[in-house]
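>>> please find the sequence and the predicted model below.
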Amino acid sequence: MTLSVETGDRPVDSARARNRPGRGRYRGRESARPARRIRDWASVTWFLVPALLLFALFVLVPIAVALYTSLFRWGGFGPPEDFVGLGNYTRLFDDPVFRGDLWRGLFLVVLSIAVQLPFALGTAVLLNQRLPGRAVYRTLFFAPYVLSEVVTGVLFGMIFLPGDGLADHLLDGVPVLDGLAGRWFSDPSTALPTVFLVMTWKYFGFHMMLYLAGLQSIPSEVLEAAAIDGAGPWRRFRHVTLPLLGPTLRISVFLSVIGSIQLFDLVWVTTSGGPTHSSETMAVTMFQFGFKRYQVGYAGAISVVMFAVSLVFSLLYQRFALRRDLRGAVTSMGAGR
């Protein structure tokens with residue numbers, strides 16, 4: 001027997017108090033928690049399994065097949081039987097064409113970061129101002145990205161056609177650039193820079209829209225406060241806009257580097273890697289050996305190396321460049337809970 005809290009002197013049976021309806025309801029809730037967790041995990045599994053199956057079918061299985069076939073001298077017909085181990089990889093790094101592919105890929109990466117992305121950023125800053133017709137300019141600059149790589153390659157193949165192309169007619173009589181006429185895709189010294197020019201026309205609009213989205217997410221109050229403190233346009237851009245645009249810039253650099261490493265469509269349609277391998281990339285070399293020369297094992301080794309280069313860069317970039325952004329995202333998610 002205990003005293004009731006409500007009356008202070010009324011005796012209450014403690015056993016009856018333990019068996020109140022409210023207390024049983026709480027026990028029911030506690031017993032229902034494991035069942036709810038099972039239902040939640042079942043729902044998560046139901047939604048994840050199809051995506052994981054597709055990922056395994058179209059990503060993991062091709063990687064495993066390429067790694068397996070790279071250990072054989074195989075022409076693509078019948079089961080691979082001529083096991084060579086790491087012979088394809090030894091041949092790969094002894095090949096001057098593949099070593100040139102690595103340098104040409106690095107050349108495209110450096111030019112993309114040093115030329116294409118700053119050009120896209122400058123265009124985005126201009127179009128973020130209150131200009132008449134800026135929506136039209138945004139559409140025009142973004143339109144090349146909508147075109148497929150094949151259409152872009154065919155278009156610039158006609159523009160840079162030796163003798164009859166639009167580029168040669170425009171440069172006719174120009175003292176400094178007249179020497180480029182007829183040499184765009186046909187000269188080893190100009191083929192790769194011309195490919196990069198086509199890349200810039202095709203992809204800078206995509207990066208420009210990324211930067212525009214990042215610029216419009218910057219609070220105007222921050223820029224106004226910097227202006228009130230006496231910061232000029234350049235100091236506001238250098239010390240306020242660029243740091244706040246940092247996550248967008250890092251994602252843009254990542255996409256640009258990965259795209260340059262895996263470049264294939266534009267090169268294949270415009271130059272097919274020529275002349276004399278001067279514009280060839282790793283993807284083009286892989287296609288040449290896999291589908292033209294029927295050396296599928298060697299092409300598999302090229303694909304594995306290309307995948308390894310992309311993976312190592314992605315991991316290092318995430319570790320040293322995207323770590324702060326990812327940490328901020330995780331912190332925000334945790335705070336939201």
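Here it is on my side, so go on. Numbering: from 1, shown residues only.
>>> and the protein, what are its domains?
2-69, 96-332 (automatic domain parsing).
>>> by mean pLDDT, show me the worst of those.
In terms of average pLDDT, domain 2-69 trails the rest of the domains of the chain, at a mean of 71.
>>> ok, now which ones touch residue 301?
Listed by CB atoms under 8 Å, 6 or more residues apart in numbering, the contact set of residue 301 reads 70, 88, 89, 91, 92. All C-beta spots, glycine's among them, are computed from the backbone N, C-alpha and C.
>>> now, the residues you listed that are in helices?
88, 89, 91, 92 (DSSP state H).
>>> how about the second one, nearest residue that isn't a chain neighbour?
The shortest distance from residue 89 to any residue other than its chain neighbours is 5.3 Å, reached at residue 301 (CB to CB, 6 or more residues apart in numbering).
>>> which pLDDT value belongs to residue 75?
89.
>>> tell me the contacts of it?
294, 295, 296.
>>> just confirm it is within a helix.
No. Assessed with DSSP: H, G, I helix; E, B strand; the rest coil, residue 75 is coil; it does not lie in a helix.
>>> buried stuff in stretch 149-168?
The neighbour-count check on stretch 149-168 (16 or more other CB atoms under 10 Å) flags 149, 152, 153, 155, 156, 157, 160, 161, 165, 167, 168 as buried.
>>> does the first one really touch residue 267, like I thought?
No. Contact criterion CB atoms under 8 Å: residue 149 and residue 267 do not qualify, at 9.4 Å.
>>> which element is residue 125 on?
Per DSSP states H and E: residue 125 is located in helix 117-127.
>>> return the distance of the helix or strand following that helix from the chain's centre.
Sequence-wise, the next helix or strand downstream of helix 117-127 (DSSP H and E) is helix 134-146. Computed by CA atoms, centre = their mean, to the nearest Å, the separation of helix 134-146 from the middle of its chain amounts to 21 Å.
>>> mind saving the C-alpha coords of helix 134-146 as CSV?
Only the C-alpha atoms of helix 134-146 are listed here, as CSV (Å, rounded to 0.1, in the frame of the first residue of the first chain):
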residue,chain,number,x,y,z
ARG,A,134,20.8,38.1,-70.1
ALA,A,135,18.3,35.2,-70.3
VAL,A,136,18.9,35.0,-74.0
TYR,A,137,22.7,35.0,-73.5
ARG,A,138,22.4,32.3,-70.9
THR,A,139,20.4,30.1,-73.3
LEU,A,140,22.8,30.7,-76.2
PHE,A,141,25.9,29.8,-74.1
PHE,A,142,24.2,26.7,-72.6
ALA,A,143,22.8,25.5,-76.0
PRO,A,144,26.1,23.8,-77.2
TYR,A,145,26.0,21.5,-74.1
VAL,A,146,22.6,20.2,-75.2
